[in-house]
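> Provided below for reference: sequence and predicted model.
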Amino acid sequence: MAVEDRTFGEFNARDRTRHPPAFAPTYKTSVLRSPRNALISLQNSLSEITAPVFSSDELGELDHDLILNYSKGGLPIGERIIVHGHVLDEFGRGVPNALVEVWQANAGGRYRHRNDHYIAPVDPNFGGCGRALTDRDGHYVYRTIKPGPYPWRNSVNDWRPAHIHYSISGTGWVQRLITQMYFEADPLIAQCPIVKTIPTEAAIRQLIAALDRNAGVPLDCLAYRFDIVLRGARATWFENRMQGQPSMQRE
Amino acid sequence: MRKVNEAIYLQESASQTAGPYVHIGLAPKQAGFDIFEKNFSNVLVGPNTEGERIRIEGRVIDASGTPVRDVLLEIWQANAAGKYNHPADMQDKAVDPSFRGWGRACSDFKTGVWAFDTIKPGVVEGRGGRPMAPHVNLWIVARGINIGLNTRMYFSDEAEANAADPVLNLIEWEVRRQTLIGQRDSALRDGVAVYRFDIQLQGPQETVFFDI
């Protein structure tokens, strides 16, 4: 379904009980960076239900292949994996043309970033970022190296589980989301202060990618499946007349 | 097992912090390397874009008064006529083909200053047909921010429109509405109007953030 064919309406309200609170003191950096006032609740207007539309000609051919997109003549070190999934809304509909951007550490747990000084070396053939647009059904796929865990300064001996960062832009500004994907069966997930900012077990489980034996390539690579759910766009008849309609609600 | 008449919905994936290395994924040049042929940027205008050229410049400041130097922001706005470049905007106004209305900026790692080069947006029809004063929608992520923060910037030289704006008027405390007003510099810089918009994450001057 092309973006133009969608019926646009307001979005479901965000259920903030499933998201981390702004202030989560076991993740120390959040202490001084968290607003303390209550958020002001807004009903959707055009400013919230619209969002930038991206096109495939803005992306390069290798943007979704992290194994090759920074190759300097060789291949990056580490476990080769395919990651794929479905970007859905809360009604279970695929979200087409969503921009999925990913970034990660290399197999040794080192980021190619001027502010990362971890002892593990940078991999000369690995950049650590990629991006893709979902297809008409909301599917995305990319190929990469499984990232390594790494230590970080929070408590003295905190370690991040292996993870890939995700940024997703959907069809409405309210759907904008940044999250992280973890890997099935990693014992560090349960110990991670950043994971533990998420209030419910169910919401944490939703961020753990599952090994998908049928999506890999025999004698080449394994695959993981990671579905992402964005806010649901309501398309019921009484929502479509948001513009120009006398307001029934007190504002 | 689904029961008759029971509505089943999926749940939105939980947010996680963008972390300190968000630049790798969303602005790799800032992280210190070149990888993509085409990069998203903080420049929203091209030579043919219609409207008054402006620069929005600011800092995001934490509860200690220190600028957040690893922050990433995105803005989303209507064009000079007050039309969003998106099929859900059914207002009877023209899209400007030279203006998407979206940009992404990182703060400078030393100073914490970020900026967007854009145009001043027009008035957009709000709920119930009430006009919304010209505004820019902002989304802010960084290490230590667990879920992206949504706010709006309005314009100091639009006092009359701001006074009637349905969103500003939702904010009970008039003093807090001031946190959403970008202040226009008295002088142009290189022929461009500069609006200053510092965002306070916490404290007595805390910026208003929205649950949208």
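Great, that's in hand.
> and after the longest strand belonging to chain A, which helix or strand comes next?
For chain A, the strand that runs over the most residues, judged by DSSP state E, is strand A:80-89. Reading on from strand A:80-89 to the C-terminus, the next helix or strand found by DSSP states H and E is strand A:99-104.
> Give me the mean pLDDT for that next one.
Rounded to a whole number, the mean pLDDT of strand A:99-104 is 98.
> How about stretch B:20-38?
What stretch B:20-38 shows for mean pLDDT is 95.
> Using CSV, write out every CA atom in that stretch.
Coordinates of the C-alpha atoms in stretch B:20-38 are reproduced here as CSV (Å, rounded to 0.1, in the frame of the first residue of the first chain):
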residue,chain,number,x,y,z
PRO,B,20,25.8,8.5,23.3
TYR,B,21,26.5,7.2,19.8
VAL,B,22,23.3,8.2,18.2
HIS,B,23,25.3,10.2,15.6
ILE,B,24,26.7,7.0,14.1
GLY,B,25,23.3,6.0,12.9
LEU,B,26,21.6,9.3,12.3
ALA,B,27,24.4,11.7,11.5
PRO,B,28,27.6,9.7,10.7
LYS,B,29,29.6,12.6,9.6
GLN,B,30,29.3,14.0,13.2
ALA,B,31,30.5,10.7,14.6
GLY,B,32,33.6,11.2,12.5
PHE,B,33,33.2,9.2,9.3
ASP,B,34,31.8,9.2,5.8
ILE,B,35,29.6,6.3,4.8
PHE,B,36,26.4,7.3,3.0
GLU,B,37,26.3,9.0,-0.4
LYS,B,38,23.3,11.1,0.7
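> OK, contacts around residue 83?
You didn't say which chain, so I picked chain A. A:Val102, A:Val141, A:Tyr142, A:Arg143, A:Thr144, A:Ile164, A:Met181, A:Ala209, A:Ala223, A:Tyr224, A:Arg225, A:Phe226 (C-beta atoms under 8 Å, 6 or more residues apart in numbering or on different chains). Glycine gets a C-beta too; all of them are placed from N, C-alpha and C.
> The intended chain is chain B.
Contacts were defined as C-beta under 8 Å, 6+ apart; by that measure B:Lys83 touches B:Asp89, B:Gln91, B:Lys93, B:Ala94, B:Val95, B:Asp96, B:Gly122, B:Val124.
> in the sheet, who's paired with the last one?
In this case it means B:Val124. Residues in a beta bridge with B:Val124, per DSSP bridges, are B:Met132.
> what about the stretch 51-200 of chain A, any weak spots by pLDDT?
Scanning the stretch 51-200 of chain A with the threshold set as pLDDT under 70 gives no residue ranges.
> ChimeraX command for the buried members of the contacts of B:Lys83?
The buried subset of the contacts of B:Lys83, as determined by 16 or more other C-beta atoms under 10 Å in any protein chain shown, is captured in ChimeraX by this line:
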select /B:89,93,95,96,122,124
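> how about the residue most central in space within chain A, secondary structure?
Centrality entry for chain A: nearest residue to the mean C-alpha point is A:Tyr166, 2.7 Å, by C-alpha atoms, centre = their mean. Assigned with DSSP: H, G, I helix; E, B strand; the rest coil, A:Tyr166 falls in the strand class.
> can you tell me which residues contact it?
By C-beta under 8 Å, 6+ apart, A:Tyr166 lies in contact with A:Val100, A:Glu101, A:Val102, A:Leu177, A:Ile178, A:Thr179, A:Gln180, A:Met181, A:Ile228.
> Disregarding flanking residues, what is the spatial nearest neighbour of it?
A:Thr179 (5.2 Å; C-beta to C-beta, 6 or more residues apart in numbering or on different chains).
> Just the CA atoms of the helix or strand where that neighbour lies, as CSV, please.
Here A:Thr179, judged by DSSP H and E, is contained in strand A:177-183. Taking Å, rounded to 0.1, in the frame of the first residue of the first chain, the C-alpha atoms of strand A:177-183 are listed here in CSV:
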residue,chain,number,x,y,z
LEU,A,177,10.5,6.1,17.9
ILE,A,178,14.0,5.2,19.0
THR,A,179,14.6,1.9,20.6
GLN,A,180,17.1,-1.0,20.9
MET,A,181,17.0,-4.6,19.7
TYR,A,182,18.5,-7.3,21.9
PHE,A,183,19.4,-10.9,21.1
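> what comes into contact with that strand?
Counting contacts by C-beta under 8 Å, 6+ apart, the residues touching strand A:177-183 from outside are A:83, A:146, A:161-168, A:170, A:189, A:194-195, A:207-209, A:224, A:226, A:228, A:230, B:12-19, B:22, B:141, B:148.
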